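Enquirer: would you be able to build a 3D model of this:
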Amino acid sequence: MTVGNKSRISPRDRVIVILDDQMVNLEATKLLLVGFGFQGEIKLFNSSSAAIDFIMAFTIENKSLRTIDLLITEFSMPDLSGIEVIKEI
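Expert: Numbering: from 1, shown residues only. So this is what the prediction gives:
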């Protein structure tokens, strides 16, 4: 929807990426977000490289028309830390 020169994004078009190497933490965070009323898409990743690949592909595919609205990441993981992931993207 466009109003004047500003585009409005529907709450259902929002995208959150959650990255944690423990599946229980991923599911718990997702349940909290849904419980607080988040209506958009929630992508769960337990691998840093898979999350990076998704974010890069998502950005290219959507040609900056849509972006990842929020990245929630664990600090310490086996492959790349949360800080290293942020630097990659």
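
Enquirer: tell me where this structure has strands.
Expert: Taking DSSP state E as the test, the strands found in the chain are 2-3, 6-7, 15-19, 41-45, 70-73.

Enquirer: figure out which of those is closest to E61.
Expert: strand 15-19 (11.8 Å; CB to CB). For glycine as for every other residue, the C-beta is placed from the backbone atoms N, C-alpha and C.

Enquirer: most packed of the strands of the chain?
Expert: Among these, strand 15-19 has the highest mean neighbour count (mean count of other CB atoms under 10 Å), at a mean of 21.

Enquirer: residue boundaries of the helices in the chain?
Expert: 23-35, 48-62, 82-88 (DSSP state H).

Enquirer: distance-wise, check R14 relative to E84.
Expert: Per CB to CB, to the nearest Å, R14 is found 25 Å from E84.

Enquirer: between those two, tell me which one has more neighbours.
Expert: Shown here are R14 and E84; by other CB atoms under 10 Å, R14 has more neighbours (17 against 13).

Enquirer: the residue most central in space within the chain bridge partners, please.
Expert: By CA atoms, centre = their mean, the chain has its centre lying nearest to V17, at 1.8 Å. V17 has these beta-bridge partners by DSSP bridges: K43, L71.

Enquirer: isn't it right next to E41, touching?
Expert: No - here V17 does not reach E41: they are 9.3 Å apart, not a contact under CB atoms under 8 Å.

Enquirer: now mean pLDDT and distance to I52 too, for the strands of the chain, in JSON lines please.
Expert: Formatted as JSON lines, the strands of the chain follow (pLDDT from 0 to 100; distance: least, CB to CB, whole Å):
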{"stretch": "strand 2-3", "mean pLDDT": "40", "distance to I52": "32"}
{"stretch": "strand 6-7", "mean pLDDT": "51", "distance to I52": "27"}
{"stretch": "strand 15-19", "mean pLDDT": "95", "distance to I52": "9"}
{"stretch": "strand 41-45", "mean pLDDT": "96", "distance to I52": "9"}
{"stretch": "strand 70-73", "mean pLDDT": "92", "distance to I52": "10"}
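
Enquirer: to N25, which of these lies closest?
Expert: Smallest distance to N25 across the strands of the chain (CB to CB): 8.4 Å, for strand 15-19.
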